[in-house]
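K.L.:
all I have is the shape, not the residue letters:
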């Protein structure tokens, strides 16, 4: 059992209190079952699908236990877990999942925030209790057989070899981007899958013709309780790598999660609509977002109303990924009570990434992030973008407000402190919604080297204290249509000579506590449309 303490907010604007919450570990009976005793052959050629089915059934019939996978190369189809079972993949063991799509039956599952039909995952668990995957071995999802690949992410030699392997090529009508698909069915499947979803067709047979498109997440854990993943490497997934959905009491520690950097939808860990989760001492090097919080998408996510909550992430390292730690964009059921501490991001596209869009709805609140260390971040070190359009990077929005409704996402009460970033394109980027600005964000003790500094639009109750920034372009801080911002203990100069630039007719209540403002490199600039008295100097 893991017990830890965290200050949890009792609500917007209220004092925090020290509360305790815990993550329970699974209880696995002390019975060992060796796959070799059931006829498994570790030559990488023999299909062990039936052996895994038999040993799991025997273990379950005995009341549960540990299934031992020794050193060797073990080829298999999907593994369907049962309650009170631990898969222990030992050092030297490599479990490789078959690339024969016919071995993966269509099932009702979850992907990208919606309940949909997908191919069964290589490791699949639904409605179970007390399950574990442990050991020092490797699980390989055979993802290269499933994933589409963009030409722009390949060298000429890699693209040539990919074409020689078979498949078909699609050319985008708008961008001329070429995309390789494993089959014509996979290439055509997107439009058909969307049509079936919108028409609320959940019949498995209706999806059979687009099976190749419905690639699975590698590890799918749905509505499970007391889950432990400890030790193994999970790599090369067809889509997302690890996906606990609507689970409770999930512990993930000392795992290595790997996907090729170019892998489409190659997320590392997607914690969706889960509560009581601990992720620690793990390494991620993936093709999409690395450690991601989700809770359903749009109306379906709001109706289900299952937030991700009581989550602690600590002592993790991320190499390649679209985001190091991410919330969204599918967050319609809400995300709250999250603690992220002592993590390192090296070479990610974005470091700390918050993303959503109109139509999502949902509330993200009480997020506390401390002691984050970043180097060579390609885009924004910290990003809040609420105009997400399923594209890489942080989308920028405009100033035209829309009516607030249940479809309007809310982000508030987010505290980020003690962050070091040695190299990024942008130190901090905020693109909030005019009708629902980013609310009550504090950034304390932030040391950053970047091309541009703080670029913040449509935020209120923003606090930036203890900033040390070295930038090469533009003002140190640019606030656009921000209300109630406080700046204090700001070190550094604007590359254009400006400490602070304020724009936007809706700007109000900008408190600047810098006594040396208006000195060389630290000028305050106010655009003509900004009303008098917006800047408050103390």
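P.N.:
Sure, I can see it. Computed from a prediction, not measured in an experiment: that's the story for all the values here.

K.L.:
measure residue 470 to residue 94 for me?
P.N.:
46 Å (Cβ to Cβ, to the nearest Å). The way it works is simple: take the backbone N, C-alpha and C, and place the C-beta from them, glycine included.

K.L.:
between the two, which is the more surrounded one?
P.N.:
Higher neighbour count among residue 470 and residue 94: residue 94, with 19 against 16, using other Cβ atoms under 10 Å.

K.L.:
let's verify the more buried one: helix, strand, or coil?
P.N.:
Classification of residue 94 using DSSP: H, G, I helix; E, B strand; the rest coil returns strand.

K.L.:
quick check: beta-bridge partners of it?
P.N.:
residue 73, residue 138 (DSSP bridges).

K.L.:
was I right about it contacting residue 70?
P.N.:
No: using Cβ atoms under 8 Å, residue 94 makes no contact with residue 70, being 11.1 Å away.

K.L.:
low-scoring stretches of the stretch 201-350 of the chain, by residue?
P.N.:
By pLDDT under 70, the stretch 201-350 of the chain contains no weakly predicted segment.

K.L.:
how about the helices in it?
P.N.:
298-304 (DSSP state H, counting those that start in this stretch).

K.L.:
for the closest residue to residue 343 other than its chain neighbours, what are its contacts?
P.N.:
The shortest distance from residue 343 to any non-neighbouring residue, by Cβ to Cβ, 6 or more residues apart in numbering, is to residue 316 (4.8 Å). For residue 316, the contacting residues are 279, 280, 281, 282, 283, 284, 291, 343, 344, by Cβ atoms under 8 Å, 6 or more residues apart in numbering.

K.L.:
give the bridge partners for residue 511, please.
P.N.:
Judged by DSSP bridges, the bridge partners of residue 511 are residue 486, residue 536.

K.L.:
from what I can see it touches residue 486, true?
P.N.:
Yes: counting by Cβ under 8 Å, residue 511 touches residue 486, with 4.5 Å between them.

K.L.:
who has more neighbours, the two?
P.N.:
residue 486 (17 against 14).

K.L.:
the longest strand in this structure is where?
P.N.:
Ordering each strand of the chain by length in residues (DSSP state E) puts strand 410-431 first.

K.L.:
relative to strand 410-431, how tilted is the following helix or strand past that strand?
P.N.:
Downstream of strand 410-431, the next assigned helix or strand under DSSP states H and E is strand 438-457. Put simply, strand 438-457 runs at 10 degrees to strand 410-431, going by axes from the mean of the first three to the mean of the last three Cα atoms, to 10 degrees.

K.L.:
which ones are touching the nearest residue to residue 389 once chain neighbours are set aside?
P.N.:
Closest residue in space to residue 389, ignoring its immediate chain neighbours: residue 395 at 5.4 Å, by Cβ to Cβ, 6+ apart. Each residue near residue 395 by Cβ under 8 Å, 6+ apart is listed here: 385, 387, 388, 389, 431.

K.L.:
gap between residue 395 and residue 176?
P.N.:
Distance from residue 395 to residue 176, by Cβ to Cβ: 22 Å.

K.L.:
over to residue 44?
P.N.:
For residue 44 relative to residue 176 (Cβ to Cβ), the value is 40 Å.

K.L.:
contacts only, for the residue nearest to residue 321 when sequence neighbours are not counted.
P.N.:
Spatial nearest neighbour of residue 321, excluding adjacent residues (Cβ to Cβ, 6+ apart): residue 290 at 3.5 Å. By Cβ under 8 Å, 6+ apart, the contact set of residue 290 is 257, 267-269, 284, 318, 321-326, 348.

K.L.:
and what of residue 97?
P.N.:
75, 76, 77, 78, 122, 139, 140, 141, 142, 218 are the contacts of residue 97 under Cβ under 8 Å, 6+ apart.

K.L.:
before we move on, what about residue 202?
P.N.:
108, 115, 117.

K.L.:
if you set the cut-off to 7 Å instead, what comes out?
P.N.:
Residue 202 makes contacts with 108, 117, as judged by Cβ atoms under 7 Å, 6 or more residues apart in numbering.

K.L.:
make 271 the starting number, not 1.
P.N.:
All right, first residue 271 from here; so that's residue 472.

K.L.:
quick one, phi/psi of it?
P.N.:
Main-chain torsions, residue 472, degrees, to the nearest 10: phi -110, psi 0.

K.L.:
quick one: it from residue 365, how far?
P.N.:
Distance from residue 472 to residue 365, by Cβ to Cβ: 31 Å.

K.L.:
do residue 454 as well
P.N.:
On the measure of Cβ to Cβ, residue 454 and residue 365 end up 30 Å apart.

K.L.:
pull the residues that contact the helix or strand containing residue 430.
P.N.:
Assigned by DSSP H and E, residue 430 falls within helix 426-434. With contact meaning Cβ under 7 Å, 6+ apart, helix 426-434 is reached by 419, 421, 424, 450.

K.L.:
which of the contacts of residue 560 are buried?
P.N.:
527, 537-539, 554, 588, 591-596, 618 (16 or more other Cβ atoms under 10 Å).

K.L.:
which of the residues you listed fall in strands?
P.N.:
527, 539, 554, 588, 593, 594, 595, 596.

K.L.:
nearest to residue 629 among the residues you listed?
P.N.:
residue 596 (18.7 Å; Cβ to Cβ).

K.L.:
if you count surrounding residues, which of residue 454 and residue 365 has more?
P.N.:
residue 365 (25 against 12).

K.L.:
right, and that one touches residue 345 too?
P.N.:
No: look at residue 365 against residue 345 with Cβ atoms under 7 Å: they stay out of range, at 8.2 Å.

K.L.:
pull out the buried positions in the helix holding residue 430.
P.N.:
By 16+ other Cβ under 10 Å, the buried positions in helix 426-434 come out as 429, 432.

K.L.:
same question for stretch 334-354.
P.N.:
Buried positions in stretch 334-354, judged by neighbour count with 16+ other Cβ under 10 Å: 334-340, 342-354.

K.L.:
gap between the closest residue to residue 532 other than its chain neighbours and residue 533?
P.N.:
With sequence-adjacent residues excluded and distances taken as Cβ to Cβ, 6+ apart, residue 532 is closest to residue 423, at 3.7 Å. From residue 423 over to residue 533 the distance is 9 Å, taken as Cβ to Cβ.

K.L.:
which of the two has more neighbours?
P.N.:
Comparing residue 423 with residue 533 by neighbour count (other Cβ under 10 Å), the higher total belongs to residue 533, at 25 against 15.

K.L.:
how many neighbours does the residue lying closest to the more buried one once chain neighbours are set aside have?
P.N.:
Closest residue in space to residue 533, ignoring its immediate chain neighbours: residue 557 at 3.2 Å, by Cβ to Cβ, 6+ apart. The tally of other residues near residue 557 (other Cβ under 10 Å) stands at 24.
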